[in-house]
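**Student:** Got a sequence here, can you model it:
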Amino acid sequence: MSNKDFNETMLFKPQKDEDKNIRKIIEGVYKSLEEKGYKPVNQIIGYILSGDPTYITSYNDARKSIRQIDRDEILEELLNYYMTHE
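**Tutor:** Okay, here's the model as predicted:
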């Protein structure tokens, strides 16, 4: 490799795991929180901001499900949805 190769900026695009349907997981977690009497928006925000999985109920394996997704992927999904459904 020449020095030129080290001076160029490469674009990083993380590969999305096709097995994980982020929207489906978020919807399931939301529904589980709702069924248990929590305010889902508040609980999910608490989880995203803190990374503490105890904001998410273990009911219906919601906590296990949401931990399959990186929090930045959740934010990306929410922002993309918001921007396309104004």
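**Student:** Nearest residue to the middle of this structure?
**Tutor:** Nearest to the mean C-alpha position of the chain, by CA atoms, centre = their mean, lies residue 74 at 2.0 Å.
**Student:** Once you drop chain neighbours, what's closest to it?
**Tutor:** residue 48 (6.0 Å; CB to CB, 6 or more residues apart in numbering). To be clear about C-beta, it is placed using only N, CA and C from the backbone, and glycine gets the same treatment.
**Student:** cool, residue 60 as well?
**Tutor:** Going by CB to CB, 6+ apart, residue 60 has residue 32 as its nearest residue, at 4.4 Å.
**Student:** swap in residue 51?
**Tutor:** residue 71 (6.3 Å).
**Student:** pLDDT score assigned to that neighbour?
**Tutor:** We have a pLDDT of 95 for residue 71.
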